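> give me the fold of what follows.
(one chain, ligands or ions: 1)
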Amino acid sequence: MKAAKRQKKPGKIFVISGPSGSGKTTLLSSLIQDKKIGKLLVKSCSVTTRPKRSKEREAKEYFFVTLLEFRRLLKAKKILEWTRYLGYYYGTPKGPLEKQLKSSKSVGLCLDLKGARILKKIYPHNTVTIFVLPPSLSVLKERIQNRCRQTNPQEVKQRMLLAGRELRAAGKFDYCVLNQNLTVALKELKNIFLRESSV
Ligand code: 5GP
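Presented below is the predicted three-dimensional model:
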């Protein structure tokens, strides 16, 4: 008799949130660069109407689209969840995420509070939410200032205001990781991933 086919375990969703400048994107990219974890986890690439920053690459950090294209994707139901952040739209493409989960790969996403809440609602059993805390507000401001140097100076103020609101929601997440030292924070994130994936 043929051996029963082993059912593939669906992948998990790791949503990383935190204020702009908390280091969530760097942490997720570093996590995926780990040899063992890189085979099990892929990063979701969002679409955004925000202008590209100088170091950003198309289809790596984001798919940069026009507002018209974003609306077309929404209408075609190709966006799983979306948000408006400081006047720009950001959304998670639905197809790639579903494909990865079916193939048993886990997916890592850097989303705002709304995105984390919605993904937990859509996939309550396999979504793990992680909040990244900056070491201090002054370090956060410095990082945001560096990031927004070429853009609108008003943006620093707006991102700092939003950061206050985001920090107050940290307690609603499954895990909080303090990013004071990147190596330590990454180790903690790795432990969370391995524990939750039961690898
Ligand atoms: P930034 O402009 O700093 O790249 O992103 C602004 C905020 O939007 C960040 O908190 C980032 O995590 C969040 N974000 C990026 N892509 C998405 C997305 O597809 N959905 C949601 N809900 N938030 C996103």
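> near the ligand, which residues of this protein are found?
Contact residues, the chain versus the ligand (CB under 6 Å from any ligand atom): 20, 46, 50, 81-83, 85, 90-92, 110-112, 114-115. The C-beta positions use only the backbone N, C-alpha and C, and glycine is treated the same way.
> in those, find the pair that's most separated.
By the measure CB to CB, the residues of the chain next to the ligand have their two most distant members at 20 and 81, which lie 18.6 Å apart.
> more neighbours: which of the two?
Regarding residue 20 and residue 81, a neighbour count based on other CB atoms under 10 Å identifies residue 20 as having more, with 23 against 20.
> in strands only, show me the residues of the chain next to the ligand.
Under the assignment DSSP state E, these contribute 46, 81, 82, 83, 85, 90, 91, 92, 110 to strands.
> among the residues you listed, which has the minimum pLDDT value?
pLDDT across those is lowest for residue 85, at 94.
> please report how far that one lies from residue 47.
13 Å (CB to CB, to the nearest Å).
> residue ranges with poor pLDDT in this structure?
Low-confidence segments of the chain (pLDDT under 70): 1-8, 149-151, 199.
> find the nearest non-adjacent residue to residue 13, please.
residue 127 (4.4 Å; CB to CB, 6 or more residues apart in numbering).
> wait, that neighbour sits on residue 15?
Yes: judged on CB atoms under 8 Å, residue 127 makes contact with residue 15 at a distance of 6.2 Å.
> and the residue of the chain nearest the ligand?
residue 115 (2.5 Å; CB to the nearest ligand atom).
> ok, now which ones touch that residue?
By CB atoms under 8 Å, 6 or more residues apart in numbering, the contact list for residue 115 reads 15, 17, 81, 82, 83, 90, 92, 109.
> hey, where'd the helices end up in this structure?
24-33, 35-38, 67-75, 94-102, 113-122, 137-147, 153-168, 182-197 (DSSP state H).
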